[in-house]
Structure formats: C-alpha cells, structure tokens
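Enquirer: this is a predicted model, with the sequence first.
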2 protein chains.
Amino acid sequence: MASLHDVALIAGVSKSTVSRVINDEYGVKGATKIKVQKAISECGYIPNQVAKDLKSQKTNLVGVIVPRVSSHATALGVDGLTSILDKAGKHVLLASTHQEHQKELEYIQIFNQKRVEGIILYATHLDKTLVNAIQISNVPVVLVGQDGSMHNIPSIVHDDYRVGYEAGNRLTAKGCKKIGFIGVQGDDLAVDRLRSQGLAQALEFNQLSLLFHARGDFSIESGYETAKEYLSKFTETDGIFCATDRIAVGAIRAIQENGITPGKEIKVLGVGNDELASVCTPSLSTFNYAFDKAGENAAKLLLERINNQGFEMSKVVLTFQNIERETC
Amino acid sequence: MASLHDVALIAGVSKSTVSRVINDEYGVKGATKIKVQKAISECGYIPNQVAKDLKSQKTNLVGVIVPRVSSHATALGVDGLTSILDKAGKHVLLASTHQEHQKELEYIQIFNQKRVEGIILYATHLDKTLVNAIQISNVPVVLVGQDGSMHNIPSIVHDDYRVGYEAGNRLTAKGCKKIGFIGVQGDDLAVDRLRSQGLAQALEFNQLSLLFHARGDFSIESGYETAKEYLSKFTETDGIFCATDRIAVGAIRAIQENGITPGKEIKVLGVGNDELASVCTPSLSTFNYAFDKAGENAAKLLLERINNQGFEMSKVVLTFQNIERETC
DNA sequence: TTGAAAGCGATACCAG
DNA sequence: CTGGTATCGCTTTCAA
C-alpha cells in the first residue's frame, strides 16, 4: 500500500511537501501541488490514520460496551450516542459482552490499549471488580443504566426507584390490594432492586405490603413462565408490576391463559414503553423511558469529561412519563 | 502516559528487554523479568496498541456500517456478527449513517484510512456511486441486505423474490383474489422491488394481477396511514402483503378501524418475524428471516476474504420459514 | 517555497 | 541473555 514516501518519490518532492498538500496547508506552489495531486491519484494513495494517530497522540475514538445490541434500551441508546459522537468527529469502537460480565473488564483494558478517549459502558450490574476496573482506567468511563456515582463514576440512570414508587401509586389508585413484582436477577440494582423497593415503599405508604417478588430474565418467555408460576401460588393477586415491558407482555399472556382479563381483575404495569406495549392486546400501561436520550446524554457527558470539563455533574437522572393504556 | 522507554529507564534495561518481557518471549533472566515487571506496575504502563498496529501493519479491526442500529434486522445482525468477529479476535468499528446515503461513502473512505481489514455494509439501496466506492475500497466489503453480486461484491441476502412469490401463494391459497402490496421507497431493491415482483409473479401464475403497489417508509405509523389510504381507494381488497412486519402491524390497525377483521375478510402477511408479529392481535402471519444468521454469515464471509479465501462464493442467499398465525 | 531530520511507541534483527 | 538500531507512516520544527 502506497505511503507518503511513495508519493514523494513519484512526484519528485519531499515527504514534507506531500504532507502539506494533503493537509491543505498554505505555502505550497501551485505547480508543486498539482504534481503531488497527480502522483497521489496515480498510486491510489490513502492516508494512514494509524500513523497519524500515533504521531498526533489522538485517536478520536470512543469505546462503547453493551451486554447486547438487540435490546430496546441499548439499540436506541447506541443510535442516540452515535448521533452525538458523530457530530463531535468521534468514531465508535463497539463491543458486545453477550452477557458475560468478565468481558466488561477485558474490553475496558483493550480499549485503554487502543487509546480510546473515553468509554461508555451499559451495565446490568456493578460489583467491586467492575468498579475497580473503571477506576484504574486511564480514560473517563461513563456508566449507563446503573448508578456508579457513589464510586465517583459519572452515570446516566433512569429514575428507577421513583418508577417503582409511581407504579405502586398507579396500581393502588386503581384499587389493587394484592400486588406482586416480577423482576430479574438480584444483582441488577437498577432493574430489580430499585424498582421493587420503590414499589414496596409506595405500598407501605398505602398500608399495603408486597405480595411476592419473583425473578426471571429479560425475555417474554420468562415473563410468561414466572407469572404462570406465581399466579397459581398467589391466586389472590390483583396487580403485577413487571420490571420491563417484555416481561409484562409474557405476564399478560399467562393471565389470559387463566381466563382472566388483564386490566380488569388483574392490573399490569411494565417499564420502558417498548413498541410491543402499544401493539399487544390488551395494550400495556407502562412508563416511557427515554433510552435514546440516555445514549445522547452519555455521549455528551463523556465528551465533556474528555475535554476535562463536566466534573460538576456526578450523575444525570432521566425522568419518565406515565403511559396510560388498557392494562392499568 | 508511560511508554516502553519510561519502563526501560526505571528498570535500568533497554527497550528491547522490556518488549521481550511484555510479550512473554523466552530468553530473559528471571531477575531481569521481575525488575521489569516491578517497573511496569510502578509507572502504570499500558501497551500502546496504536504503535503496535503501525509497526505490525495489522489492526484486527472490522468496520460495520448500518443505516441505524435500532431496527430488528440490524440489531440482531450486529449481535450475530460481533459474536463471530469476537472469536476471531477482531474488533468492531461501528458507524451509523442515520439513513443518510452519502455517509456510506464517507465511512468507507474513513474506514480505509483507519486501515480496517474489511467492511460489512448494511445497505438499503445500491446505486452507481456506492458500487464504485465499494469497488475502489482497498479492503474487502461484504454487503448485507442488498445483492451486489452482479458487481462482484460478495453479498448476504434474504430470498426476497421468493418470499414475495410464496406470499402470493399463501394469500391465494386462502382464497384472496384482490391483493395489494405495501412497500417502501422504490430504490430499495430487496425490500420493495423484489418482494413485490415475486408477489406479482405468483399472482400471474394464478391468473390474477396485483391490485395496488403502495409505498411508505419502515414505520408502523406509515403502514397504518398507507393502508388506510389504499383501503378506501380499493374497497374490494381481500389480501395485503406488507414488505415488513412493522408495516403490517400498522395495516392491521387500519383494517380494524374500518370494522373489518384482519385474517377473515382481509388476509395480511408481513416479512421478518419481528417480535411484534407474535404479540399483536390478531397475531400476524409472516415469514421468519434469520437476521442473526445474516450477521454471522457476513462476518464469516468477510473473515475468509480477509484471509484471501472464500472467492468461490459470490453470495449467500438465506432461506425463510413460513410462520402461520391468525392473519392468514 | 521546499527539504532534512527528529520523534510518536512499539518490534525485530543483528551484535556482543 | 541483553542492547543498539532501523523501521512502520506520518507531522513538525528548523534551515536553507
């Protein structure tokens, strides 16, 4: 592959001159410029960005780590953050951990070696080793989805505790007394713990208590299975708060299979405002989460940290909107 | 940031020796090794991959260009391809064009400058300038979603003509006689042209002809609006083939608004087997497209081309499965 | 207006 | 077993 050197030889000038032409620097004679440009197209020269990056000590690269891209939250998030980073002239190095936690550590290290300027990490948990890996990172890390602010890690989070609280209020306002929660694995602070705690808090405020706290994974199928199991154990259930819309969609199916109408005998609430929620029958009442804004804000916050600014913000908490549909 | 040089100074050895320790090369005295390792952790040395890449003339980087990541096809595709590339030790540089065609050209160029080893391009069209940009690319490009094989561009495609043909057969088998098509912009060969042409071919074979060919975009909303408009124009419609499931979901809503039951008076078919299709009511009959396999195959084919193999394959055509549900 | 040379951070060959 | 040196492809002073 042709290099500056080759172009210089063909054009009969020095590398410096070729460099000047390429970078449109002023102070090159017109004739020389043309000679060089001819040489460039003649040998199909393509500037080597790797060499430039090394020389300039600047990569314009941002690393993004996600558990998987085919989820509502991450797909919209990635679209959001790329649109911001694009405008800032940054390029995105994308890594999917495919749900293997230990890969998060690996990629933080790899990205540091690749001299990215910052990292956006979509997390589903936050343990000691991960916090440590983030803290020893040489480049700023912005967390999305989990709150790392107590460890001084800038974070973009949704208002998970309050969404639980609001869910409790919406369900009790509709007359529910026996309310259960279907969450995910317990180490997911944001999705399982905070949302359920907020719910419990609201119930307590209304002199009620949580009927059950079930756990499955993020799939529709799991929502179905889990709901089926708990509905047979707790036949008195009249309200279910599901940690995500997909789980709720599964739960709705389980309820219907029992010959019960979701939204009447049993109210159901999800979280996220997944497109599925508007399309299923009965349509799912939920909370709109601004996943695209989460990505955008993560990108903006990271850009500030890269420019050694934005240190006054420890986290951004995104609000949500109640979406009223048929199930509650 | 500390470099080999700094480590060498601290340890009191030469850069060569430090390099040997880092790369675990044999032939270093135990004592020296320990000295060096101490120096490394002392100054927090992190190997510079940019320098390595320049020296080794190898980046292990693959560029991926998508119109947007938050679509069923691309999100699943990216998950599929990252899992394959991961195993091959390749990293992914991701670019979203946010539907701006001209960005495809830009990114092909940028990726070439970044010395990626290959490019996977999710295309929604294929015009002369794009073909040209691909052909002058110094690194192999694999196309996904559109067929570039006639231009000698290796491609992963779904069997779009045959899916149209099969749709025609499924609809006529259910007794439909007045069948319309709702597609997207006309320059989308795969999604609009091929699917509609296959449909027309099947109808012709059954002594029928296409009632209408409507065009909108990829959104549910557009499917709804377009269906509404054409149903009022063509009241005799008894079958609609939609280019995607999302469009079909919108169409179903429009049909229901007219007091008609989708699946009875008017049959509906979509394409893709989006999760929405199984969740909406009535559930949508469709065709399962293996979007994850498309990504995996693109990655595999690209890896072969990177290794100067796989030249015997000009394209991979992925098959589909009929998904029978309530609307047809 | 142009060129020579140093240097970014690593590797690899050749000496010693 | 270890060190010196050239090199990857580019930018950037400093001289001419």
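Expert: Looks like it came in fine. Residues are numbered from 1 along each chain as shown, chains lettered A, B, ... in the order given.
Enquirer: residue A:275 and residue B:220 touch, don't they?
Expert: Yes: between residue A:275 and residue B:220 there is a contact under C-beta atoms under 8 Å: 7.3 Å. For every residue, glycine as well, the C-beta is placed using N, CA and C.
Enquirer: tell me which of these two has more neighbours.
Expert: Comparing residue A:275 with residue B:220 by other C-beta atoms under 10 Å in any protein chain shown, the one with more neighbours is residue B:220, at 22 against 17.
Enquirer: and chain A, what are its domains?
Expert: Using automatic domain parsing, the domain ranges for chain A come out as A:4-56, A:61-158+A:291-317, A:160-288.
Enquirer: what residues are up against residue A:233?
Expert: Applying C-beta atoms under 8 Å, 6 or more residues apart in numbering or on different chains, we find residue A:233 in contact with residue A:212.
Enquirer: what bridges to residue A:63?
Expert: Beta bridges link residue A:63 to residue A:93, residue A:119, judged by DSSP bridges.
Enquirer: that one: how many residues sit nearby?
Expert: Residue A:63 has 25 nearby residues by other C-beta under 10 Å.
Enquirer: same check on residue A:318?
Expert: 14.
Enquirer: the closest residue to residue A:257 other than its chain neighbours: what secondary structure?
Expert: Excluding the flanking residues, the one nearest residue A:257 by C-beta to C-beta, 6 or more residues apart in numbering or on different chains is residue A:228, at 7.3 Å. Of the three states, residue A:228 takes helix under DSSP: H, G, I helix; E, B strand; the rest coil.
Enquirer: hang on, residue A:228 packs against residue A:252?
Expert: No: with contact defined as C-beta under 8 Å, residue A:228 does not reach residue A:252; the gap is 11.5 Å.
Enquirer: between these two, which is the more surrounded one?
Expert: Between residue A:228 and residue A:252, residue A:252 has the larger neighbour count (other C-beta under 10 Å), namely 31 against 17.
Enquirer: in which helix or strand would I find that one?
Expert: Element membership for residue A:252 (DSSP states H and E) is helix A:245-257.
Enquirer: quick one: is whatever helix or strand comes next after that helix near chain B?
Expert: Next along the chain after helix A:245-257, taking DSSP H and E as the criterion, comes strand A:267-269. No: figure legend: strand A:267-269 not in contact with chain B (C-beta under 8 Å from any C-beta of the partner chain); closest approach 13.8 Å.
Enquirer: quick one: strand A:267-269 to chain centroid distance?
Expert: Relative to the chain's own centre, strand A:267-269 is displaced by 25 Å; criterion: C-alpha atoms, centre = their mean, to the nearest Å.
Enquirer: next: stretch A:136-156.
Expert: For stretch A:136-156, the gap between its own C-alpha mean and the chain's C-alpha mean amounts to 13 Å (C-alpha atoms, centre = their mean).
Enquirer: first to last residue in that stretch, what's the distance?
Expert: Using C-alpha to C-alpha, to the nearest Å, one end of stretch A:136-156 lies 20 Å from the other.
Enquirer: ok, now how distant is the closest residue to residue A:111 other than its chain neighbours from residue B:326?
Expert: Nearest residue to residue A:111, sequence neighbours excluded (C-beta to C-beta, 6+ apart): residue A:63, at 3.7 Å. Computed as C-beta to C-beta, to the nearest Å, the residue A:63 to residue B:326 distance reads 45 Å.
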